[in-house]
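# I'll drop the sequence and a predicted model, then ask my questions.
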Amino acid sequence: MGTQTTLWCRARTTISVGGDWKLFESRIRKKGTTVSTSRSRSCFCSSPLTLIVSSMPYEKEFAAAKKAATLAARLCKKVQKALLQSDVHSKSDKSPVTVADYGSQALVSFILERELPSEPFSLVAEEDSGDLRKESGQDTLKRITELVNDTLASEGSNSFSTLTTDDVLAAIDGGKSEGGSVGRHWVLDPIDGTKGFVRGGQYAIALASLDEGKVVLGVSACPNLPLASIGSNQQLSSSNEVGCLFFAKVGDGTYMQALGGSTQTRVHVCDIDNPEEASFFESFEAAHSSHDLSSSIAEKLGVKAPPVRIDSQAKYGALSRGDGAIYLRFPHKGYREKIWDHAAGSIVVTEAGGIAMDAAGNPLDFSKGKFLDVVSGIIVTNQKLKASLLRAVKEALNEKVSSL
Ligand SMILES: Nc1ncnc2c1ncn2[C@@H]1O[C@H](COP(=O)(O)O)[C@@H](OP(=O)(O)O)[C@H]1O
Ligand SMILES: [Mg+2]
Ligand SMILES: [Mg+2]
Ligand SMILES: [Mg+2]
């Protein structure tokens, strides 16, 4: 449980803030009082000011997010097991959307609102209920409602009341927020890697929270990811258990536990500094990221291992525990990245000591609404490989331009 302290500042005061000091500074500045702060975490206020300092910020939100992602993973696992052709439903952009995408979004939206009743609720999520409101969507909607109710019942909570189809539509549409740089917003990809999900491969339920445009917590449930390393330089492991939950809160590090388990382990990115020993992740789907460009970058860097191709933000999770050293993502011309594809993954990696940036080395900016505008692509690595990776990326991109 987090504790809150109310401080009445009249002069220089030393305060202790768990979490992100920069974010805290920007908050108190906004209150209309001149506040000068220093690295020693002391602050001087020009007029009396009441500061409410939480020693464990975002703790309630973090617990709610873990609960929501874990339950959504349970729903998705059930559907993936029984996946029938008829569960695949075509959206206008032709990406397969299954009952699990909608069910997961409805469940996460419902649980976050239920667990945090006193907070304003804003959710930026991938799916909307448009197709489910049509006559042709009624059977699917009933199926989703049953799935959501079955999953809630399995939670064993006494306060459970059965949701109607209208409740489910409303919960899905709870995800219509546009996000932005003001206030708090949840960001959800109910199933990231839908193509992997349909194929029986990797996928993730990815949930993050933005505060003033910055990702402050992220949870990524990866039901098919082995608990043991999947890197190309993996050590032999006796465990073939799958299902990982990664979670990170700003300033507090990244942790992993077995989905449904309770023992958490702190994870760190690898500390490889020699690219020859590094291995890299990329999308399984060549349509999502140029495999040619990645292999040209890897060659320039001197990476020897073949690419590890997996779907979804499971790549960020695997990187955060050191399974590989680099994740390269270079969408084809005209594609615009969305925040829900990277928000949870990026904090999972940065809190584990890594860096997520665009191909020009800029930090990822989640404050501009649902799109994440990046220069050329997204690259993720550890601190030691950052400079050489950026050089190789620049060279490969220049070569690509001059060959056109
Ligand atoms: N043409 C494209 N280029 C890049 N990314 C794309 C894409 N089409 C879809 N995507 C995104 O790639 C995500 C999957 O990432 P990955 O390739 O790492 O598995 C998809 O998430 P969803 O599966 O949630 O729709 C989708 O948002
Ligand atoms: Mg999609
Ligand atoms: Mg996605
Ligand atoms: Mg998705």
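Arrived safely, thanks for sending. Residues are numbered from 1 along each chain as shown. Ligands and ions are numbered 1, 2, ... in the order given.
# Tell me the residue of the stretch 51-200 of the chain that sits nearest ligand 3?
Ranking the residues of the stretch 51-200 of the chain by distance to ligand 3 (CB to the ion) places residue 192 first, at 3.6 Å. Any C-beta I mention is one placed from the backbone N, CA and C, and that applies to glycine too.
# so where do the helices sit in the protein?
21-30, 59-81, 99-115, 138-154, 165-173, 194-199, 291-301, 314-320, 343-350, 386-403 (DSSP state H).
# For those helices, please prepare TSV with the additional fields distance to residue 223 and mean pLDDT.
Shown next, in TSV, are those (distance: least, CB to CB, whole Å; pLDDT from 0 to 100):
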stretch	distance to residue 223	mean pLDDT
helix 21-30	32	57
helix 59-81	5	95
helix 99-115	11	97
helix 138-154	13	95
helix 165-173	21	98
helix 194-199	9	90
helix 291-301	26	97
helix 314-320	9	98
helix 343-350	15	98
helix 386-403	30	94
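# that older thread, my guess is the residue of the stretch 51-200 of the chain closest to ligand 3 meets residue 310, correct?
No: at 11.6 Å, residue 192 does not count as touching residue 310 under the criterion of CB atoms under 8 Å.
# check contacts around the nearest residue to residue 132 once chain neighbours are set aside.
Nearest non-adjacent residue to residue 132, counting by CB to CB, 6 or more residues apart in numbering: residue 141, 4.6 Å away. By CB atoms under 8 Å, 6 or more residues apart in numbering, the residues touching residue 141 are 132, 165, 168, 169.
# any idea how far the last one lies from ligand 4?
When CB to the ion, to the nearest Å is applied, the distance between residue 169 and ligand 4 equals 18 Å.
# likewise the second one?
Noted for residue 165: a distance of 22 Å to ligand 4, by CB to the ion.
# Which positions in the protein make contact with ligand 3?
Within the chain, the positions adjacent to ligand 3 are 189, 192, 341 by CB under 5 Å from the ion.
# Could you count how many residues lie near residue 268?
By the criterion of other CB atoms under 10 Å, residue 268 has 15 neighbours.
# That one contacts residue 322, correct?
Yes: using CB under 8 Å, residue 268 is in contact with residue 322, at 6.4 Å.
# Dump the contacts of residue 141 to CSV, plus distance to residue 337 and neighbour count.
Converted to CSV, the contacts of residue 141 look like this (distance: CB to CB, whole Å; neighbours: other CB atoms under 10 Å):
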residue, distance to residue 337, neighbour count
132, 26, 25
165, 33, 16
168, 28, 27
169, 28, 21
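# Identify, from the residues you listed, the entry nearest to ligand 1.
Distance ranking of the contacts of residue 141 against ligand 1, using CB to the nearest ligand atom, places residue 132 first at 17.1 Å.
# Straight-line length of stretch 342-357, end to end?
Terminal residues of stretch 342-357 lie 11 Å apart, using CA to CA, to the nearest Å.
# do stretch 306-321 as well
Terminal residues of stretch 306-321 are spaced 19 Å apart (CA to CA).
# how close does residue 366 sit to ligand 3?
14 Å.
# Would you confirm that that residue contacts residue 345?
No: contact criterion CB under 8 Å: residue 366 and residue 345 do not qualify, at 11.6 Å.
# Among those two, which residue is more densely surrounded?
Neighbour totals were compared for residue 366 and residue 345, and residue 345 leads with 33 against 26 (other CB under 10 Å).
# ok, the closest residue to the more buried one other than its chain neighbours - contacts?
Among residues not flanking residue 345 along the chain, residue 316 sits closest, at 3.0 Å (CB to CB, 6+ apart). With contacts defined as CB under 8 Å, 6+ apart, residue 316 is in contact with 220, 246, 327, 342, 344, 345, 346, 348, 349, 356, 380.
# now, among those, which is nearest to ligand 3?
Of these, the one sitting nearest to ligand 3 (CB to the ion) turns out to be residue 342, at 8.9 Å.
# what sits against residue 351?
By CB under 8 Å, 6+ apart, residue 351 lies in contact with 248, 249, 250, 251, 252, 253, 254, 320.
# Tell me the buried residues within the residues you listed.
For the contacts of residue 351, a neighbour count by 16 or more other CB atoms under 10 Å gives the buried set as 248, 249, 250, 251, 252, 254, 320.
# ok, of those residues, which one's closest to residue 282?
The nearest member of the buried ones among the contacts of residue 351 to residue 282, counting by CB to CB, is residue 320 at 16.5 Å.
# Am I right that that closest one is in contact with residue 347?
No: counting by CB under 8 Å, no contact exists between residue 320 and residue 347, whose distance comes to 9.5 Å.
# Common neighbours of those two, please.
248, 254.
# I'd like to know which of the buried ones among the contacts of residue 351 is nearest to ligand 1.
Using CB to the nearest ligand atom, residue 320 comes nearest to ligand 1 of these, at 15.1 Å.
# separation between that closest one and residue 206?
13 Å (CB to CB, to the nearest Å).
# Please apply the same query to residue 78.
Taking CB to CB, one finds residue 78 at 19 Å from residue 206.
# neighbour-wise, which of the two wins?
Each of residue 78 and residue 206 has its neighbours counted (other CB under 10 Å); residue 206 has more, 32 against 16.
# Please tell me how far the more buried one sits from ligand 1.
Taking CB to the nearest ligand atom, to the nearest Å as the measure, residue 206 falls 8 Å from ligand 1.
# Appreciated, that's everything.
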